[in-house]
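In: Fold the following and give me the result.
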Amino acid sequence: MSLGREIKITDVAVAVITRPDGSFLLARRPEGKPYAGYWEFPGGKVESNEQVAGALARELQEELGIAVTCVYPWVTQVFTYPHAKVKLHFYRVTAWQGEPHPHEGQVFSWERAESVSVAPVLPANGPIMRALSLPMVMGVSQVAELGVEPFLAKLDAALQRGLRLIQLREKQMPGTELIALARRVSEAAHAHGAHVLLNGAEALVAQTGVDGLHLSTQRLMHTERRPDVAWCGASCHTREEMDHAAQLQLDYVVLGTVLPTATHPGATTLGWEGVRAFAHDFPLPIYTIGGMRPVDLDTAWQHGAHGIAMLRGAW
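Out: Numbers count the residues shown, from 1 in each chain. You can find the predicted model right below:
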């Protein structure tokens, strides 16, 4: 009996070229290529003698005529098309020299994740559009330390400054109080276009008006299916936990502890190189947590993270 031939995986370097206003570049595939007419992120095949970042720079020079000057590793996803199985290494490109020009007959369009106006988009890029809509900074609530009213005042100030993602994490708060608080937090956040994720039971999501669920590590490892909510992420500390989150097809993970914190001096930390190791070839956006400050965002990007999650630093 023949076991069949194992499908070879082709490595592809992919660029999410992003302008300061958050819009990114999509290109329409020209006639004569598979999926002609579909929209995709620019990029191309990694040659056998190339590093992925080098292949990305080469492809963007050849296809678009631009020279990359600032690039960050992001997420990696494997996708099987009828004609090929590809491993897509996505990088975020935030600075370049030259103006993108269609050297290979493409058509370009600058788009935003929340309102993509072109279609059809390559099937592999659906999860990427969703990931791009996640803000770069997550604020984790501190009601137990600050008190309800002082926290809500700090929340309002943070929303005014641009915070757009809040994890409501108040594990010691009684259920009725948590529901009331979640409703107030959601109302304040939604007025600014921000999202709230509840760290708690799935059943509470519908009662509170929050936008989704954040799973603690313990809840994550006891979850066998993705919760039926719009957005869902999880806290992770090990490769096993991260792999389980990916298997559930969650929207993101929060990874820590990265740096020493005032509340846990002397605790074991991952460090930035630990983040890089966990982020390598991982398919979901990663938020780093533990000792994070706003100035750490660029460092997080350099090591493959999507963004940072902060407690004190957010408020």
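In: I figured Val107 was touching Leu25, is that so?
Out: No: counting by Cβ atoms under 8 Å, Val107 stays clear of Leu25, with 11.2 Å between them. In short, each C-beta sits where N, CA and C put it, glycine included.
In: neighbour-wise, which of those two wins?
Out: Neighbour totals were compared for Val107 and Leu25, and Leu25 leads with 19 against 13 (other Cβ atoms under 10 Å).
In: quick one: the helix or strand hosting that one to chain centroid distance?
Out: Using DSSP states H and E, Leu25 falls within strand 24-28. Its chain's C-alpha centre lies 19 Å from the corresponding centre of strand 24-28 when counted by Cα atoms, centre = their mean, to the nearest Å.
In: Next SSE downstream of that strand?
Out: strand 39-40.
In: What residues of whatever helix or strand comes next after that following strand count as buried?
Out: Using DSSP H and E, the helix or strand that directly follows strand 39-40 along the chain is strand 43-45. Buried positions in strand 43-45, judged by neighbour count with 16 or more other Cβ atoms under 10 Å: Gly43, Gly44.
In: what pairs with strand 43-45, and is each one parallel or antiparallel?
Out: The pairing partners recorded for strand 43-45 under DSSP bridges are strand 9-17 (antiparallel).
In: Neighbours of Gly65, how many?
Out: Neighbours around Gly65, by other Cβ under 10 Å: 15.
In: repeat for the one 3 residues further on
Out: When counting by other Cβ under 10 Å, one arrives at 22 neighbours for Val68.
In: With Leu122 instead?
Out: Quick note: Leu122 (other Cβ under 10 Å) scores 18 neighbours.
In: contacting residues around it?
Out: Neighbour list for Leu122: Arg29, Tyr35, Tyr38, Trp39, Glu40 [criterion: Cβ atoms under 8 Å, 6 or more residues apart in numbering].
In: List the beta-bridge partners for the fourth one.
Out: Beta-bridge pairing for Trp39 (DSSP bridges): Arg28, Val121.
In: Next one, pLDDT for it please.
Out: For Trp39, the model assigns a pLDDT of 96.
In: measure it to Phe108 for me?
Out: 10 Å (Cβ to Cβ, to the nearest Å).
In: Next: the third one.
Out: Between Tyr38 and Phe108 the distance is 14 Å, computed by Cβ to Cβ.
In: residues bridging contact with the two, i.e. touching both?
Out: Arg28.
In: Out of the contacts of Leu122, who's the most crowded?
Out: Trp39 (22 neighbours).
In: Show me what the strand holding Leu25 is packed up against.
Out: strand 9-17, strand 39-40, strand 107-111 (3 or more Cβ pairs under 8 Å, 6 or more residues apart in numbering; DSSP states H and E).
In: Report the angle between that strand and strand 107-111.
Out: Taking axes from the mean of the first three to the mean of the last three Cα atoms, to 10 degrees, one finds strand 24-28 and strand 107-111 inclined to each other by 150 degrees.
In: can you list contacts of strand 24-28?
Out: 15-18, 37-42, 63, 100, 102, 106-113, 116, 118, 121, 132.
In: Spell out, range by range, the helices that occur in the stretch 201-315 of the chain.
Out: 205-208, 217-221, 239-247, 271-279, 297-302 (DSSP state H, counting those that start in this stretch).
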